[in-house]
Every structure is written in C-alpha cells, then in structure tokens.
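Novice: Quick one, what's the 3D model for this:
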Amino acid sequence: MSPRDIEQQTFDIISCFFEEEQNPVCFRKVYRDIESDGPGDDDGFDPVVIADKLRELGDDFDVKFIQPHIRKLQQAVADKAVEEFARTVDSLCAAQRAEVAPEMQLLKASMALGLYVKKTCPDLRATIQSCMTAFINTRLAGWITQQGGWDQVTMV
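Specialist: Down below sits the predicted model:
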C-alpha cells in the first residue's frame, strides 16, 4: 500500500472520527461507492469501524488521564476566580468611605458585584455564584453568626 493510500485512508478515518456517531451510515455509503485500484487494496477497510475503535481508545484515555487533569485545572480556575472576586470586593470597599460596619460593607459590595456580573455576563453565573458563596463563607460567616444569622443581617 502506498503512502498516498495511507494518507487517503487516514483522511477518511479522521473524517469519520469527527462525524456524528449517529450518522456513520452516510460516510460508509460514500466510501463503498469509491472503486479500489486493484484487488485487495481496500479489503476489509472500513473507516467507520476504525474511527469507532479509535474513539474508544480516546474515550478510555480521556477517562483515565485527561479528566483528572481537567478537574485540577477547573479547580485552579475556580480558586483563581474566588481570589479575584475577593480582591475586587476589597477594592470596592476601600474606594468608599465606610458608613456601616466593615462586614456589612463587604456584604454590600459582594452583592452589588454579583448582581452586576449576573446581569452583564450571564455565562459567568455559575462561576460568580461559587465565588460569592466561597467569599461569604470564608470572610463573613463568623460575623453573620455573631449577628444571629441571616435573618438578623438582612434587617440591619
């Protein structure tokens, strides 16, 4: 088999690999309509079957090796987002003259920032929810408890 044949088969396999798994029949029909150059050139060659096997290899590798790294990366990104959220809230508070307790100022700034992001960047909604929860639990939970819980804090 010539390198050119391998290149064509590779192209066919990769094309099938990226096709929707529900629609391999379309590509299989097109491939079978192509005449081979001679006897035995493409005997048994089915790019759909090979692509499926390669997809299985990729899925197995994904589960065993890639997903653990992706989870670590996602956690690192989430941690960085929480840090940046906290820095932004601190900066907002520092830019204003405090008329209320510092904790209430942090709470107001975090709520305002959260609402702003929710309205202007809806795709960040889940991220900002996580950031706000982490920020409040880390920086304000003790103060909220001292005030008698959320019911008391919202009355201030």
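Novice: my guess is residue 113 meets residue 88, correct?
Specialist: Yes. The criterion here is CB atoms under 8 Å, and residue 113 meets it with residue 88 at 6.0 Å. (Glycine included, C-beta is placed from N, CA and C.)
Novice: More neighbours: which of the two?
Specialist: residue 113 (19 against 16; other CB atoms under 10 Å).
Novice: who's in contact with the more buried one?
Specialist: 85, 88, 89, 92 (CB atoms under 8 Å, 6 or more residues apart in numbering).
Novice: of these, closest to residue 141?
Specialist: When these are compared for distance to residue 141 (CB to CB), residue 89 comes out closest, at 14.9 Å.
Novice: which element is the closest one on?
Specialist: Secondary structure assignment for residue 89, by DSSP states H and E: helix 67-94.
Novice: That helix packs against which elements?
Specialist: Packing contacts for helix 67-94, counted by 3 or more CB pairs under 8 Å, 6 or more residues apart in numbering; DSSP states H and E, involve helix 102-120, helix 125-135.
Novice: Select, out of those helices, the one closest to residue 154.
Specialist: Nearest of the helices and strands packed on helix 67-94 (CB to CB): helix 102-120, 9.5 Å.
Novice: angle of the closest one against helix 125-135?
Specialist: With axes from the mean of the first three to the mean of the last three CA atoms, to 10 degrees applied, the angle from helix 102-120 to helix 125-135 works out at 170 degrees.
Novice: Could I get the pLDDT score of residue 36?
Specialist: As predicted, residue 36 sits at a pLDDT of 46.
Novice: that older thread, could you check the angle the helix holding residue 89 makes with helix 125-135?
Specialist: Going by the same axes, to 10 degrees, helix 67-94 makes 70 degrees with helix 125-135.
Novice: So for helix 67-94, mean pLDDT?
Specialist: Helix 67-94 comes out at a mean pLDDT of 89.
Novice: Can you list the buried residues in it?
Specialist: Residues of helix 67-94 classed as buried by neighbour count (16 or more other CB atoms under 10 Å): 81, 82, 85, 86, 88, 89, 92, 93.
Novice: returning to that earlier point: so which of the contacts of residue 113 comes closest to residue 19?
Specialist: For the contacts of residue 113, the nearest to residue 19 is residue 85 (41.4 Å; CB to CB).
Novice: ok, now which ones touch that closest one?
Specialist: 110, 113, 128, 131, 132, 134, 135.
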